[in-house]
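# with the sequence up front, the predicted model follows.
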6 protein chains.
Amino acid sequence: MAKRVLIFAAHPDDDIIGCGGSLAKHVNLGNRVSACYMTSGEAGSLDYSKDELSTIREKEARNAAGVIGFKDLTFLRNTDGYLEYDRSNLKKLVELIREKQPNIVYVHHQSDGHQDHRTTFQLVNESLGRAGAPIFQEFKGTPWSADIVLAYEVWTPLSDFEYVEDISEFIDKKTAALRKHESQTKSIRYDEASEGLARYRGAITGKGKYCEVFKVIKMPSLS
Amino acid sequence: MAKRVLIFAAHPDDDIIGCGGSLAKHVNLGNRVSACYMTSGEAGSLDYSKDELSTIREKEARNAAGVIGFKDLTFLRNTDGYLEYDRSNLKKLVELIREKQPNIVYVHHQSDGHQDHRTTFQLVNESLGRAGAPIFQEFKGTPWSADIVLAYEVWTPLSDFEYVEDISEFIDKKTAALRKHESQTKSIRYDEASEGLARYRGAITGKGKYCEVFKVIKMPSLS
Amino acid sequence: MAKRVLIFAAHPDDDIIGCGGSLAKHVNLGNRVSACYMTSGEAGSLDYSKDELSTIREKEARNAAGVIGFKDLTFLRNTDGYLEYDRSNLKKLVELIREKQPNIVYVHHQSDGHQDHRTTFQLVNESLGRAGAPIFQEFKGTPWSADIVLAYEVWTPLSDFEYVEDISEFIDKKTAALRKHESQTKSIRYDEASEGLARYRGAITGKGKYCEVFKVIKMPSLS
Amino acid sequence: MAKRVLIFAAHPDDDIIGCGGSLAKHVNLGNRVSACYMTSGEAGSLDYSKDELSTIREKEARNAAGVIGFKDLTFLRNTDGYLEYDRSNLKKLVELIREKQPNIVYVHHQSDGHQDHRTTFQLVNESLGRAGAPIFQEFKGTPWSADIVLAYEVWTPLSDFEYVEDISEFIDKKTAALRKHESQTKSIRYDEASEGLARYRGAITGKGKYCEVFKVIKMPSLS
Amino acid sequence: MAKRVLIFAAHPDDDIIGCGGSLAKHVNLGNRVSACYMTSGEAGSLDYSKDELSTIREKEARNAAGVIGFKDLTFLRNTDGYLEYDRSNLKKLVELIREKQPNIVYVHHQSDGHQDHRTTFQLVNESLGRAGAPIFQEFKGTPWSADIVLAYEVWTPLSDFEYVEDISEFIDKKTAALRKHESQTKSIRYDEASEGLARYRGAITGKGKYCEVFKVIKMPSLS
Amino acid sequence: MAKRVLIFAAHPDDDIIGCGGSLAKHVNLGNRVSACYMTSGEAGSLDYSKDELSTIREKEARNAAGVIGFKDLTFLRNTDGYLEYDRSNLKKLVELIREKQPNIVYVHHQSDGHQDHRTTFQLVNESLGRAGAPIFQEFKGTPWSADIVLAYEVWTPLSDFEYVEDISEFIDKKTAALRKHESQTKSIRYDEASEGLARYRGAITGKGKYCEVFKVIKMPSLS
């Protein structure tokens, strides 16, 4: 049966860098993928005003999602570089989780070197718990718990991981999707960085030519 | 399809304390359970000589396994209280893993307060890697990798866990199995300790009346 | 000579779950027990409005305290689920510590899984230091330093502890007190969770049938 | 009532550096102090043969103890620089603990930069547990548990400590005792290092002009 | 060629305590030293009003700097005891770094026991990264990256350090500078604390009579 | 002036994977490079007997060194997969360090996933300390301390690093050197893994197209 997959990213492009290959695999398996971006990454360039860049990057995110094969994107538009762990974000995230009812969730890992990435983990991790508990009156929607939660790597490679995904069949799609983030890759070649790390992970784990690795936050019990 | 389950324990009774409920669930699902004990726990009493106690505890382990519903037990008979991370144990474990070809493995977690428990984790964790790699000539058998590896709690409760098993239906079996370890429970009531912790885990996680919790060491990828 | 004991809890019932047995022991020794609740736990149910639940839970806290044998309760009424480490709370806590002049303090441990619990630890730990230092003009009262500070377990069992309290004589009182928190125990059986964990701690440490364990934050010097 | 105090040190002089002031305070209180040295520190000089240095350093330890006011010294004579966590040392330590029946134990802390110091902690910590448990047939003597266990600093200052001892009255004695370790202080001025650190600890904690600080490993329960 | 050195301190006097000897050495080498204080330490006394104390401590900082030999001091005047990691401080720090263009930066280490010290580390560490990246439009000035970043110890000695500075020639200057902070040293003898710790570090590392030690945050690459 | 560089590796090829680019850079700068291999990697294949493989891999190491431009290789020939922290290895390493008198040392980092890699770190780190101290009579040679010690990544990427080396000019040499380890790269493409990780490090740090990153263990003081 088709699964619902929800990925949380601090900025547009983090989703593709961290697990673009896995997302393409989900699409290929017939699963439904949605993405939620905490900020629209408007701090990432001196070439555009913040408003322009925000608009550009949301469009790039849609293009990248198009390459992967999904089109359900939510932009929370927090301030890039200053994402806060606060009540407003918790409420939005809890209600989004209850609305999307994901079986599988992807999120930044908690030791990533970028502050916004760590804050995204904290917000999402707390929201996943609250979304499943029928006790907070301020949150709308029906309680929902994801079965699987996996944390991906962007700025800081994981020291330990418990899950490996062979994305060899999807590496081209992943790289092509990343190249849609033109405003970013023209200064930092995330596409090459990401492909390089995937090749490293693949060779060292021996699970495939290109792999993505994840820290397990939640694994489903025996049926 | 029936799965093969292999549990590693430092001493007879650790298997039941740490995951006796899950083992009973596996048996109930039709899975094949095997256990491997690093020592025969001969240090655990002043009432018997070491040889007597070793014999008694192996018999208790068989009785407990009988209650749970499995009978494939391997005793490696290292010295209780002085288990060593060495070449001889690695070889035995690698070959046992290749022989039993488990889909699912259970082992002590690496931060348990008991030195033998931590050493068991280190030995098993290293052996799982070596059993799957076709590079060590000194190990007999065909390379084998388990799909799932879970770490259980005995002397030190886990601070973080990513897997919860509802064992409510099997708590009576678990407790009854523990009571077969009479030489132990007459001085320390492991049966009551274990039931108490399972009740705590069940209530706090909300996943069932009695639960066992685990740290995920390896989770299978999406098919 | 009678001691003054002060316990800090994020929510009404955390005090009883974490150290209700020790508190009953203090009362029995003739010590004077006071409690301070950071929030009134108004997020913990969908059955009541926040205002109603706040009122109910404060009353339950008084009833539970009555069972244990103390009646000095302070409610700081921060927002449940959103407790903040801020100047206002620090001021209230420093002045409360200076007013109550406790010899012994109990507080959540700093690695508890619940954010409000960790924030309570941070607030109390910082306030204990500031309460004892004669340098902050904004705080009223006379500097005071507690002799003993112990951290208790609620949502996350302690991995290491340096202090064990045998509460076997008081387990019934502890459980009875917990049952006064009816609005909570009807959804989560904290009474059974807590008794289960105490039995586990008792059996494994061998210090009594039921025990509470603590991380030592401060221990008094040799006289 | 007089207490029995037992200090474990990797090398002669570690006892004085880490807690010489506290030991002098114990003597002053009428407590009985004993010391156990894992090695005789024979690696610590190029000026003497190992045998000579071993003899010299044991004599210096006796002289230093004389200054502090105790004379019960045990030398286990392991190889300096290569102390091992093994069965033989565990047996010696368990039996020494059972023989000396200490109320209070001092030992290196587990994160000290010197390997022998860390191994001493591991040996002593494990031995304290085994000495108190009536289950190991190979250990002679009657089970005994210390009430208080404190870990002191030598090569690596403690990041966190829960116990402070004001040794201002005894700093001269401590420094004088250290100077008895002439074979050492002529190359490294441990006396000045130790006095410097004690002054730092005293000023920063505000508990006295000179202080020693400790990590609490075990604290006695309320009577 | 002369280097530019920039030190960040939570309070006036932390700069001298943590690396006053190194600063004197820089001055002696002909390097240009600047200091930036996050707060003016106005919480540190009951004898003066906050405004008075702030004025006094800034004057003491100038006097201390005079002893060391530098006079470029910036006071950010955050609230002492409540320093916040926020956008306003990040902006000030990024622009200061771009203005001063330091080759070498000193800052509190991230595990210091004082909250303001840890927050200073987080602010400065993040600001160093942002100051060097040409992507944040809100920050004025030209991107600048320091070559060397070192973290010093004040309230909590470092457990590990990778850099040692022999300050024996400058210890008198360091101590004299600290004594200029009269409003502080009359209650806490930071001068003696600091000299004591430097003596300890010197003797134990064997690198000089008095030493300061540092955690390396950034080290320059091979030219 | 030419520097002496000494690299320690658990197995032949770890040196090239971890810092082959930096070594080529040293050769290019006129520095003298030496390498020491703890084992000869004889466990890494089923296609050859251990003796054959050992011979092959030492030859491959010489070929790889030839590509980089150095030829001083020492093989300690410990058992691959079972490297031990013991007295014999410490003695060999201390004497090698005293003989080679390196200014700069490279070694595995202490959290690498491979046990032999971690043991190599522990042995080398301890040996560096002992090589510099004039106190161990059993070690021949004149005391020597390296100025710079850097730890490289192989099986586990570093979470934090303080040193980045731009190896863009030398990436081809590094990859070519790795391909000399034919017995290895035919089963695991270390050449592609290593190039991929270097590209990732380069893009993310922005310091060059291909970079190697290091944890600083020791940094030289200001002259």
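Sure thing, it's come through. If you're wondering where the values come from, they're calculated on a predicted model, not measured in any experiment.
# what score does A:Ala61 have for pLDDT?
At A:Ala61, the model reports a pLDDT of 98.
# let me fix that: A:Leu128
For A:Leu128, the model assigns a pLDDT of 98.
# state the distance from it to B:Asn63.
42 Å (CB to CB, to the nearest Å). C-betas here are computed from N, CA, C, even on glycine.
# who has more neighbours, these two?
Higher neighbour count among A:Leu128 and B:Asn63: A:Leu128, with 23 against 15, using other CB atoms under 10 Å in any protein chain shown.
# which helix or strand contains that one?
helix A:115-132 (DSSP states H and E).
# need the next SSE after that helix, C-terminal direction.
Once the chain leaves helix A:115-132, the next helix or strand it forms, by DSSP H and E, is strand A:148-152.
# CA atoms of that following strand as PDB?
Below are the C-alpha coordinates for strand A:148-152, written out as PDB (Å, rounded to 0.1, in the frame of the first residue of the first chain):
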ATOM      1  CA  ILE A 148       9.300   5.700  11.000                       C
ATOM      2  CA  VAL A 149      11.400   8.800  11.600                       C
ATOM      3  CA  LEU A 150      14.900   9.100  10.000                       C
ATOM      4  CA  ALA A 151      17.400  11.900  10.400                       C
ATOM      5  CA  TYR A 152      19.600  12.900   7.500                       C
END
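# check which element follows it along the chain.
Sequence order places strand A:163-166 as the next helix or strand after strand A:148-152, per DSSP H and E.
# just the strands in chain A please.
For chain A, the strands defined by DSSP state E cover A:4-9, A:32-39, A:72-78, A:104-108, A:148-152, A:163-166, A:211-218.
# what does chain A have sitting close to chain B?
Within chain A, the positions near chain B by CB under 8 Å from any CB of the partner chain are A:22, A:25-26, A:29, A:133, A:162-166, A:206-207, A:216-219, A:221-222.
# ok, A:Phe170 touching A:Lys25?
Yes. At 5.6 Å, A:Phe170 counts as touching A:Lys25 under the criterion of CB atoms under 8 Å.
# report the buried members of the residues of chain A next to chain B.
If you count burial by 16 or more other CB atoms under 10 Å in any protein chain shown, the buried members of the residues of chain A next to chain B come out as A:22, A:25-26, A:133, A:162-166, A:207, A:216-219, A:221.
# just to revisit the earlier point, any idea of the angle the helix holding A:Leu128 forms with strand A:4-9?
150 degrees (axes from the mean of the first three to the mean of the last three CA atoms, to 10 degrees).
# just checking, what packs against helix A:115-132?
Secondary-structure packing of helix A:115-132 (3 or more CB pairs under 8 Å, 6 or more residues apart in numbering or on different chains; DSSP states H and E): strand A:4-9, strand A:32-39, helix A:87-100, strand A:104-108, strand A:148-152.
# quick one: which of the ones you listed is nearest chain E?
Of all the helices and strands packed on helix A:115-132, it is strand A:32-39 that lies closest to chain E, at 13.2 Å by CB to the nearest CB.
# buried ones in the lowest-mean-pLDDT helix or strand in chain A, by neighbour count?
Lowest on mean pLDDT, DSSP states H and E among the helices and strands of chain A sits helix A:182-185, with a mean of 93. By 16+ other CB under 10 Å, the buried positions in helix A:182-185 come out as A:183-185.
# give me the residues contacting that helix.
The contact list for helix A:182-185 (CB atoms under 8 Å, 6 or more residues apart in numbering or on different chains) reads A:13, A:41, A:44-45, A:47-48, A:53, A:56-57, A:60, A:178-179, A:190-191.
# try stretch A:94-106
Applying CB under 8 Å, 6+ apart, the contact partners of stretch A:94-106 are A:3-8, A:15, A:18-19, A:22-23, A:26, A:31, A:34, A:36, A:74, A:124, A:127-128, A:130-131, A:136, A:139-144, A:146-152, A:214.
# and it, C-alpha only, in CSV?
Extracted in CSV, the C-alpha atoms of stretch A:94-106 (Å, rounded to 0.1, in the frame of the first residue of the first chain):
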residue,chain,number,x,y,z
VAL,A,94,1.8,19.7,15.0
GLU,A,95,-1.1,20.6,12.8
LEU,A,96,0.8,19.9,9.6
ILE,A,97,1.7,16.4,10.9
ARG,A,98,-1.9,15.8,11.8
GLU,A,99,-3.0,17.0,8.4
LYS,A,100,-0.5,15.1,6.3
GLN,A,101,-0.6,11.9,8.4
PRO,A,102,2.8,10.7,7.3
ASN,A,103,3.9,7.1,7.8
ILE,A,104,7.5,8.1,7.3
VAL,A,105,9.3,11.3,8.3
TYR,A,106,12.7,12.7,7.4
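# appreciated, that's everything.
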